[in-house]
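Q: I'd like to go over a predicted model; first the sequence, then the structure.
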Amino acid sequence: MEEQFILRVPPSVAERIERLLSENASSSDDKSLDLSFSDDGRSGTFSVGSDQFPASLLDLPGIVESYKTYDDSVLIKSADIGQMIMVREEGDSAPDTVEYRHGLTPPMRDARRRRFRREPDLNPELVKRVEKDLLKIMAGGTADILFFKSL
């Protein structure tokens with residue numbers, strides 16, 4: 001398996017990258033691409049030529065599979081992608097969480113809230129009492145009688 005990530009850039013940066021990677025890259029003003037991260041490993045800088053853009057490493061809400069082909073008929077799985085590097089324009093604000101809230105396609109909009117099970121709200125005192133009673137039972141004792149409300 002290869003290591004892969006998704007690079008999401010604004011349209012203006014995408015045009016510059018396409019120009020750089022095209023056949024006439026020798027005539028382009030943008031001669032280099034660079035990506036560097038700070039010590040926290042989540043924020044960094046993406047450079048195209050002499051311009052720098054802020055970037056963030058974000059976790060995707062689910063795993064995305066990546067495939068490649070050698071003969072245009074057979075697909076071979078090449079990686080599981082779980083992270084995305086999001087490049088922003090200079091004035092855009094940085095994301096406040098390390099997990100990207102949305103997936104890559106419109107049906108995955110707000111995927112974590114809509115598609116995945118929520119953690120139940122449990123009273124910490126109730127959990128401690130149940131744990132204490134289970135330890136008593138495992139040690140050969142008897143448990144206190146607990147009355148559970150519906151969760």
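A: That came in fine, so what should we check first? Keep in mind that what you see is a predicted model, and the values were worked out from it rather than measured. Numbering: from 1, shown residues only.

Q: what number of residues lie near Pro120?
A: Using other C-beta atoms under 10 Å, Pro120 has 6 neighbouring residues. C-beta coordinates here come from the backbone N, C-alpha and C atoms, glycine included.

Q: Pull up the gap between it and Ser36, please.
A: Per C-beta to C-beta, to the nearest Å, Pro120 is found 42 Å from Ser36.

Q: again, but for Tyr70
A: 33 Å.

Q: So for stretch 70-81, could I get the coordinates as CSV, restricted to C-alpha?
A: Extracted as CSV, the C-alpha positions of stretch 70-81 are listed here (Å, rounded to 0.1, in the frame of the first residue of the first chain):
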residue,chain,number,x,y,z
TYR,A,70,-2.4,0.2,-15.5
ASP,A,71,-4.6,-0.9,-18.5
ASP,A,72,-7.7,1.2,-18.1
SER,A,73,-9.9,-1.9,-17.3
VAL,A,74,-8.6,-3.4,-14.1
LEU,A,75,-8.6,-1.3,-10.9
ILE,A,76,-6.2,-2.0,-8.1
LYS,A,77,-6.7,-0.6,-4.6
SER,A,78,-3.7,1.5,-3.8
ALA,A,79,-4.5,3.1,-0.4
ASP,A,80,-7.0,4.0,2.3
ILE,A,81,-7.1,7.8,2.7
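
Q: So which bits of that stretch are buried?
A: 79, 81 (16 or more other C-beta atoms under 10 Å).

Q: Just give the closest residue to the spatially most central residue of the chain, not the sequence neighbours.
A: Nearest to the mean C-alpha position of the chain, counting by C-alpha atoms, centre = their mean, stands Asp59 at 1.4 Å. Closest residue to Asp59 apart from its sequence neighbours, by C-beta to C-beta, 6 or more residues apart in numbering: Glu99 at 4.6 Å.

Q: Tell me, how many residues neighbour the one you found?
A: 11.

Q: For it, give me its contacts.
A: Residues in contact with Glu99 (C-beta atoms under 8 Å, 6 or more residues apart in numbering) are 58-61, 112.

Q: And it, how far from Arg112?
A: In terms of C-beta to C-beta, Glu99 sits 7 Å off from Arg112.

Q: Need the overlap of contacts for these two.
A: Pro61.
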